[in-house]
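Chemist: quick one: sequence and predicted model below, then my questions.
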Amino acid sequence: MSPGSPVVTAENLVKRFEYLTAVDGISFEVSEGEIFGLLGPNGAGKTTTVRMICGIFSPDEGRATVMGMDSRTDPIEVKSRIGLLPETPSVYESLTADENLQFFAEMHRVPENEGKERIERLLANFGLEGRRDSKVETFSKGMKQKLALARTLIHEPPVIFLDEPTSGLDPESAKMVRDTIAQMSQEEKTTIFLCTHNLMEAEMLCSRLAIIRSGKIIRLGSPGELRSDQPKTGRYRVQLESIPDSLVERVGELEFVLDLRPEGTTLNAEIADPDSNAPDLVREIVGEGGRVRQFVRDTKTLEDIYLEAVRG
Amino acid sequence: MRALAVAKKDLRELPGYFKISIVILPIVLTFVVGMFIFIAGSEDATADMPQIPETVFPPGLSDIDKSIYFAVNFMAPPFFLMLSTILPVTIAADAFAGERERKTLEALLALPMRSRDLFFGKSLLPFAYGFGASLASFIVITVIFHLRYPDTAVSMPNATWLVLIFLAIPAFCLLAILMELIISTRVDRTYYAVQMGSLIVLPMLVLVVGGVSGILVVGPVLLLALAGGVFLLDYVLLQIGADSLSRGL
């Protein structure tokens, strides 16, 4: 792999299951150290995409690579370079935490002594050191998720695929996991591919996002780019001392005002081309005798963008 | 070796009650076969022996030796084939269906291991059990035979028995396991795999066992050829199973 080339690529990936096309021509690239998020409703094709990239099964069309290795022709090489945390914790419940990690270390050919050190370090990092020799069946859901994450990291892979990594965790543990993800990306240049329904988490962590629906990417870009892709309108909340009827009537007649809804002493307005028209809106309100206490622009959240995208 | 690590993990995962039952059952079967051989030399057993053509027996055997010969070469082999196939099949049923049921299969398939090696790894524990149980039972029965009949003209183990234990039984054991593993890749629950195994694999084995029971009399060469044929079939099944696994979750 040459320097600067993408770590993960998907080129027109297609996967069909009998009559269902689960993934329908997906393409993207992920750079080294990037946290790339894949968002979409259940059944959108996120997991199938990850499985094809990880070499678990082959695409019907297209190509996926990890660090330059083709997932179809070199699945073993791909698998040795990735860590995969599936949606369910995927830990062996009748084994102890230590036995689980030992098994995965052995499967990744981590040298025995190094494996022991890593197991100790990971269990301590995830607060499980006191439960090392306990059977996983006695663990809470959050503890199982932490152990699964430790298992994903046992061979220190340069690329990690995480499917809902904070699912089932309490807020404190979820924050710890998010901090770990951010730290791996920033300090260790680990490339992270994150599938999530947690939009706050995606916005907080991901440098770029793809929103997927019915097997197709319908938005792709940084959270900022996704927002700027939106139509050029702006929503404003204008808090006034009082709202005279004549003010509502006059402002509502302005050409650039698309929507106007008074609520108590607050005027909710959506206007076209906000950068040039917002000052005119304020001028008209003041001109009609309105005494402005607060003038706030409502920015669209990732949730708004996501919901608009998936609802088509 | 990754395949060995999979087998070790599978052994650790076996439930305690199951470990007890797979130890007890071979002991019971060995006891039953041992009893057959032990009483074969009695006068009652000799008198009750079914009518069998004289050509089946080596020349010059007394009536008691014929009864012992019948027990050793006609009645014992099917028990060994059953021991080496039926119980390993119940372990193999859990191999992939159990991983799928416990939602651990995806993480297993994401490990850097060829499908064929994973399939082979999953066959190791049931094979080690099936072959190990048969070998242990064979040793115990051979000891019983020599303690009970120090002066008999019947020889045990003879060349045919050695081919049976060290080649034919491993070949049949692997055949049953691989068939069950293929079933296990296609179903969601261990229970279904066991059910399908008992409907498909075991009846086939009963037919095979029935056909093989007289082969010890025919001699080691034919048994050797049969074991070779079954090993070839095992290789084909290993390929089919690996392909079936690589088709995905």
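Modeler: That came through, no problem. Numbering: from 1, shown residues only, chains lettered A, B, ... in the order given.
Chemist: what's near enough to touch whichever residue of the stretch 201-312 of chain A sits closest to chain B?
Modeler: Closest contact between the stretch 201-312 of chain A and chain B, by Cβ to the nearest Cβ, is at A:Gly215 (16.3 Å). For every residue, glycine as well, the C-beta is placed using N, CA and C. Contact analysis of A:Gly215 by Cβ atoms under 8 Å, 6 or more residues apart in numbering or on different chains lists A:15, A:21-26, A:44-45, A:48.
Chemist: which element, helix or strand, includes residue 26?
Modeler: Went with chain A since none was named. strand A:20-30 (DSSP states H and E).
Chemist: oops, I was thinking of chain B
Modeler: Going by DSSP H and E, B:Pro26 is part of helix B:16-40.
Chemist: could you do A:Gln239 as well?
Modeler: A:Gln239 is part of strand A:233-240, with elements assigned from DSSP H and E.
Chemist: list the buried ones in that strand?
Modeler: Neighbour counts over strand A:233-240 (16 or more other Cβ atoms under 10 Å in any protein chain shown) mark A:234-236, A:238, A:240 as buried.
Chemist: out of the residues you listed, the closest to A:Leu169 would be?
Modeler: The shortest approach to A:Leu169 among those belongs to A:Arg235, at 33.8 Å (Cβ to Cβ).
Chemist: ok, back up a step: biggest separation within the contacts of A:Gly215, which pair?
Modeler: Across those, no pair lies farther apart than A:Gly25 and A:Ala44, at 13.8 Å, counting by Cβ to Cβ.
Chemist: those two: which is more packed in?
Modeler: In terms of neighbours (other Cβ atoms under 10 Å in any protein chain shown), A:Ala44 is the more surrounded of A:Gly25 and A:Ala44; the figures are 23 against 15.
Chemist: contacting residues around the more buried one?
Modeler: Each residue near A:Ala44 by Cβ under 8 Å, 6+ apart is listed here: A:212-215, A:310.
Chemist: can you classify it by secondary structure?
Modeler: Look at A:Ala44: counting by DSSP: H, G, I helix; E, B strand; the rest coil, its state is coil.
Chemist: pLDDT score assigned to it?
Modeler: We have a pLDDT of 87 for A:Ala44.
Chemist: now it: phi and psi?
Modeler: Note on A:Ala44: its backbone torsions stand at phi -80, psi -20 [degrees, to the nearest 10].
Chemist: which parts of chain B are helices?
Modeler: Counting by DSSP state H, chain B has helices at residues B:2-13, B:16-40, B:43-48, B:63-70, B:76-92, B:94-101, B:105-109, B:115-148, B:159-163, B:169-186, B:190-212, B:215-218, B:220-246.
Chemist: show me the contacts of A:Ala44 that map onto helices.
Modeler: Using DSSP H, those in helices are A:Val310.
Chemist: can you pull the contacts of the residue most central in space within chain B?
Modeler: Ranked by distance to the mean C-alpha position of chain B (Cα atoms, centre = their mean), the top residue is B:Ser84 at 1.6 Å. Contact criterion Cβ under 8 Å, 6+ apart gives B:130-131, B:133-134, B:169-170, B:172-173, B:176 as the residues in contact with B:Ser84.
Chemist: one step back: check pLDDT for the contacts of A:Gly215 and point me to the minimum.
Modeler: pLDDT is lowest at A:Ala44 among those; the value there is 87.
Chemist: how about the residues of the stretch 151-300 of chain A near chain B?
Modeler: Counting by Cβ under 8 Å from any Cβ of the partner chain, the residues of the stretch 151-300 of chain A lying close to chain B are A:Arg151.
Chemist: nearest to chain B: which residue in the stretch 151-300 of chain A?
Modeler: A:Arg151 (7.4 Å).
Chemist: is that residue in contact with A:Asn100, as I believe?
Modeler: Yes - if you go by Cβ atoms under 8 Å, A:Arg151 and A:Asn100 touch, sitting 6.1 Å apart.
Chemist: give me the common contacts of the two.
Modeler: Common neighbours of A:Arg151 and A:Asn100, counting by Cβ under 8 Å, 6+ apart, are A:Val91.
Chemist: below-threshold pLDDT in chain B: ranges please.
Modeler: For chain B, applying pLDDT under 70 flags the ranges B:202, B:204-218, B:246-249.
Chemist: now do the contacts for the residue of it positioned farthest from its centre.
Modeler: Here chain B reaches farthest from its C-alpha mean at B:Gly60, the gap being 33.1 Å by Cα atoms, centre = their mean. Listed by Cβ under 8 Å, 6+ apart, the contact set of B:Gly60 reads B:Ala153.
Chemist: and it, how far from B:Glu54?
Modeler: Separation of B:Gly60 from B:Glu54 (Cβ to Cβ, to the nearest Å): 11 Å.
Chemist: show me where pLDDT drops low in the stretch 1-150 of chain A?
Modeler: Along the stretch 1-150 of chain A, segments meeting pLDDT under 70 span A:1-4.
Chemist: break down it into its helices, ranges please.
Modeler: Along the stretch 1-150 of chain A, the segments classed as helices by DSSP state H, counting those that start in this stretch run A:46-53, A:75-81, A:97-107, A:112-125, A:141-153.
Chemist: tell me which of those sits nearest to A:Thr301.
Modeler: Between A:Thr301 and these, the tightest spacing by Cβ to Cβ is seen for helix A:46-53, at 20.7 Å.
Chemist: counting contacts, what elements does the longest helix anywhere in chain A pack onto?
Modeler: Criterion DSSP H: the longest helix present in chain A is helix A:171-187. Under the contact definition 3 or more Cβ pairs under 8 Å, 6 or more residues apart in numbering or on different chains; DSSP states H and E, helix A:171-187 sits against strand A:35-39, helix A:141-153, strand A:191-196, helix A:199-205.
Chemist: B:Ile144: neighbouring residues, count only.
Modeler: 17.
Chemist: swap in B:Arg2?
Modeler: Other residues near B:Arg2 number 18, with proximity taken as other Cβ under 10 Å.
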